[in-house]
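Asker: A predicted structure for the sequence below; I have some questions about it.
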Amino acid sequence: MSMQAADKDAVADSLALVAERCADPTPLVYARLFAQSPDMEALFVRDSDGSVRGQMLYQVLETLLDLTGAGTYGANLIRCERVNHENLGVPPDVFASFFTTVMETFRALLGPDWTPAFDAAWSALLAWVQAVMNPVVEPGRP
Ligand code: HEM
């Protein structure tokens, strides 16, 4: 399994459009996360100014760009953070759901400008992320 070049480009294009439309999507992403998984909000108790939330989202987006680009570190970072987060109190299925939450937030944000190509590309990306987290065999590079 791997991602097609056109899908990688479409994911990057969607992120660029989100950045153009919204200076900081952090509050939207976390509002959606806490609506879906209310128990998670308490884990951010030490994040009084929201900077950890912002930093985490930034890292997630960088990781997704890596998976759609050079693919040098994203897969390993996701596997490490999944274990680190389990120790913080984030169940692995909730950890995995964050990537979908990000997609849903961006889809809502772009509204009619979320294209079928973006949709197909994000489906491929989310499937790839699942494969990275639950490898049946070593998935290799995207
Ligand atoms: C719903 C899923 C998730 C929850 C509830 C969650 C929760 C948290 C919390 C509570 C912290 C702060 C820890 C602290 O107080 O020190 C944190 C930090 C972090 N998370 Fe997540 N996380 C989730 C998903 C992810 C994902 C998918 C990634 C990326 C692969 C990720 C990467 C990080 C990183 C890199 C930090 C450190 C940020 C910094 O302080 O520099 N998280 N996360």
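Answerer: Right, received. Where do you want to start?
Asker: Excluding covalently adjacent residues, which one is nearest to residue 34?
Answerer: residue 41 (4.6 Å; Cβ to Cβ, 6 or more residues apart in numbering). Every C-beta, even on glycine, is put in place using the N, C-alpha and C of the backbone.
Asker: what about the strands in the chain?
Answerer: Remark: no strands are assigned in the chain by DSSP state E.
Asker: what does it put close to the ligand?
Answerer: Contact residues, the chain versus the ligand (Cβ under 6 Å from any ligand atom): 33, 37, 40, 43-44, 46, 52, 55-56, 59-60, 63, 77-78, 81, 85, 88, 90, 94-95, 97-98.
Asker: gap between residue 29 and residue 87?
Answerer: 22 Å (Cβ to Cβ, to the nearest Å).
Asker: More neighbours: which of these two?
Answerer: residue 29 (23 against 7; other Cβ atoms under 10 Å).
Asker: Now that one: closest residue in space, sequence neighbours ignored.
Answerer: That would be residue 105: by Cβ to Cβ, 6+ apart, it lies 4.7 Å from residue 29.
Asker: And for residue 36?
Answerer: That would be residue 101: by Cβ to Cβ, 6+ apart, it lies 6.4 Å from residue 36.
Asker: How about the contacts made by that neighbour?
Answerer: By Cβ atoms under 8 Å, 6 or more residues apart in numbering, the contact set of residue 101 is 29, 32, 33, 36.
Asker: Phi first, then psi, for the residue lying closest to residue 107 once chain neighbours are set aside.
Answerer: With Cβ to Cβ, 6+ apart as the measure, residue 114 is the residue that lies nearest to residue 107, at 4.7 Å, once sequence neighbours are left out. For residue 114, the backbone dihedrals (degrees, to the nearest 10) come out as phi -80, psi 110.
Asker: To what extent is residue 14 buried, counted in neighbours?
Answerer: What residue 14 shows, counting by other Cβ under 10 Å, is a neighbour count of 23.
Asker: If you tally nearby residues, what's the number for the residue nearest to it when sequence neighbours are not counted?
Answerer: Leaving aside its sequence neighbours, residue 14 sits nearest to residue 118 (Cβ to Cβ, 6+ apart; 4.4 Å). Neighbours of residue 118 under the rule other Cβ under 10 Å: 22.
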